[in-house]
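S.K.: Got a predicted model here, sequence first, then my questions.
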Amino acid sequence: MAYDVEFTPEVEALTAPAWAKVKDQVTPLEWRVHAPLIAQINRVKREKNAVILAHNYMTPEIFHGVGDYVGDSLGLAREAARSDAKIIVQAGVHFMAETSKVLCPDKTVLIPDLRAGCSLASSITGADVRLIKQRYPGLPVVTYVNTTADVKAETDICCTSANAVQVVEWAAKEWGVDKVILIPDEYLARNVAAQTDIKIVAWKGSCEVHVRFTVDDIAEMRVAYPGAEILAHPECPEEVLNAADFAGSTAAMTDYVEKRRPKQVVLITECSMASNIAGDVPGVQFIGPCNMCPHMKRITLRNILDALVKEQFEVTIDPAIADRARLAVQRMIDLPPPAIPARYDLVKARGHHVDIELI
Ligand code: 13P
Ligand code: SF4
């Protein structure tokens with residue numbers, strides 16, 4: 001479809017606030033391509049009463065240019081539940097769009113590219129969870145939101161990386177047990193196990209982006225930049241988290257950088273995180289390795305505009321599955337928001353290794 005691609009003075013003025021945020025990440029030449037799309041997306045959004053929920057891993061022009069709500073998986077789910085828009089465009093991956101649809105069955109939920117998957121979501125099926133439940137009768141099933149609606153439907157409560165410890169402890173208490181099934185991310189499960197006395201049964205799934213980070217990456221950073229503070233996502237392997245200064249969800253990392261304003265910081269996570277925060281924290285230098293999520297990167301300004309104009313690609317879920325999945329997601333949303341530590345310098349990560357039961 002042909003769109004208006006002219007970088008007119010009007011487009012320049014309309015997109016000036018976003019440009020101010022991204023000008024150190026995006027070249028003026030690139031901006032001349034992005035800005036007309038941003039102006040059109042924002043116009044069509046208003047006309048259609050649509051809202052764009054953008055994950056922290058979106059590219060800066062999406063994150064700052066068209067995202068109405070930006071945040072981590074938990075924040076996006078909460079916002080979907082609260083939104084009164086008619087259409088939700090999920091600038092993120094498919095499981096996030098499904099979560100929005102589960103929470104908002106009467107809204108049209110669109111994903112700009114149906115191929116935007118996730119290695120964790122594709123690591124397990126609803127049938128797998130049914131077998132796990134047969135093997136461990138009576139144990140609550142806590143499922144990471146990075147799963148399909150089919151899997152969520154077999155679940156007692158969902159969690160994200162922001163609240164996994166809180167949810168596991170809640171489930172153990174509610175069920176009156178000392179062991180909880182936490183699937184499908186092995187590394188998130190190990191990370192949770194190191195922070196609670198509850199025993200964990202886990203699944204051998206992993207995030208293809210975070211599993212690639214190694215302790216050597218961190219050791220190299222420590223030598224090259226001795227003063228840098230190193231933050232890692234809980235989907236990283238245990239030894240990487242142990243070597244970092246802090247582990248937290250993408251929202252917790254943002255909060256850390258905004259509150260503590262380290263001179264130099266390494267974000268052991270997806271590459272767009274640093275680019276997106278950078279606009280809000282002048283003076284903080286982002287250094288070090290990052291890995292790109294190929295699924296998140298399928299979402300572009302152009303396919304967001306296509307999604308809005310053509311109202312494609314609609315995410316649908318069998319209502320019987322959605323109803324069961326909603327119980328699990330809603331239970332999580334109804335818990336109080338996770339406490340974000342006020343003094344991050346006290347939050348030296350993890351510590352001890354704790355065994356989990358891996359199926
Ligand atoms: P957050 O919930 O921390 O945003 O993580 C989502 C995700 O997909 C990380 O890989
Ligand atoms: Fe899935 Fe990892 Fe990509 Fe997040 S970063 S969407 S967990 S593959």
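M.R.: Arrived safely, thanks for sending. This is a predicted model, so every value here is computed, not measured. Ligands and ions are numbered 1, 2, ... in the order given.

S.K.: From now on I want contacts and neighbour counts done on CA atoms only, so please keep to that.
M.R.: Fine.

S.K.: what does stretch 23-41 contact?
M.R.: Stretch 23-41 is contacted by residues 3-7, 11-12, 14-15, 19, 60-62, 65-66, 275, 279, 301-302, 304-305, 308 when judged by CA atoms under 8 Å, 6 or more residues apart in numbering.

S.K.: mind listing the strands for the chain?
M.R.: For the chain, strands defined by DSSP state E occupy the ranges 50-55, 69-71, 87-91, 108-110, 141-144, 157-159, 179-183, 199-202, 229-232, 246-247, 264-268, 285-287, 357-358.

S.K.: Can you name the residue of the stretch 1-150 of the chain nearest ligand 2?
M.R.: Residue nearest to ligand 2 within the stretch 1-150 of the chain: C118 (3.7 Å; CA to the nearest ligand atom).

S.K.: Surely that residue touches R298?
M.R.: No - assessed by CA atoms under 8 Å, C118 is found out of contact with R298, at 11.5 Å.

S.K.: And those two? Which one has more around it.
M.R.: Higher neighbour count among C118 and R298: C118, with 23 against 18, using other CA atoms under 10 Å.

S.K.: Do you know the pLDDT at the more buried one?
M.R.: Looking at C118, its pLDDT is 98.

S.K.: How about Y344?
M.R.: Looking at Y344, its pLDDT stands at 43.

S.K.: do the same with K348
M.R.: The model's pLDDT for K348 equals 49.

S.K.: need the strands of the chain in TSV with distance to ligand 1 and mean pLDDT, can you?
M.R.: As requested, these are exported to TSV (distance: least, CA to the nearest ligand atom, whole Å; pLDDT from 0 to 100):
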stretch	distance to ligand 1	mean pLDDT
strand 50-55	7	98
strand 69-71	7	96
strand 87-91	12	98
strand 108-110	18	98
strand 141-144	9	98
strand 157-159	9	97
strand 179-183	14	98
strand 199-202	18	97
strand 229-232	10	95
strand 246-247	10	90
strand 264-268	11	97
strand 285-287	18	97
strand 357-358	21	94
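
S.K.: residues contacting the closest residue to ligand 2 within the stretch 151-300 of the chain?
M.R.: Nearest residue of the stretch 151-300 of the chain to ligand 2, counting by CA to the nearest ligand atom: C207, 4.0 Å away. For C207, the contacting residues are 118-120, 185, 235, by CA under 8 Å, 6+ apart.

S.K.: let's go with 10 Å and repeat that
M.R.: With contact set as CA atoms under 10 Å, 6 or more residues apart in numbering, C207 has these partners: 118-121, 123, 146, 184-188, 235-237, 293.

S.K.: Enumerate the residues of the stretch 101-250 of the chain near ligand 1.
M.R.: With CA under 6 Å from any ligand atom as the criterion, the stretch 101-250 of the chain meets ligand 1 at residues 160-161, 249-250.

S.K.: can the residues you listed go into CSV with extra columns for pLDDT?
M.R.: CSV is the format used below for those (pLDDT from 0 to 100):
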residue, pLDDT
T160, 94
S161, 92
S249, 90
T250, 92
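
S.K.: Farthest-apart pair in the residues you listed, please.
M.R.: Across these, the longest distance by CA to CA is 10.5 Å; it joins T160 and T250.

S.K.: what touches both of these two?
M.R.: Residues touching both T160 and T250 (CA under 10 Å, 6+ apart): 72-74, 234.

S.K.: So how do I select the buried members of the contacts of stretch 23-41 in ChimeraX?
M.R.: A single ChimeraX command is used to select the members of the contacts of stretch 23-41 judged buried by 16 or more other CA atoms under 10 Å:
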select :7,11,12,14,15,19,60,61,62,65,66,275,279,301,304,305,308
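
S.K.: Pick out the residue of the stretch 151-300 of the chain closest to ligand 1.
M.R.: Per CA to the nearest ligand atom, S249 is where the stretch 151-300 of the chain lies closest to ligand 1, at 3.4 Å.

S.K.: and that residue, what does it touch?
M.R.: Each residue near S249 by CA under 10 Å, 6+ apart is listed here: 71-74, 160-163, 231-235, 255, 269.

S.K.: Thought C158 was touching S73, still the case?
M.R.: No - contact criterion CA atoms under 10 Å: S73 and C158 do not qualify, at 11.3 Å.
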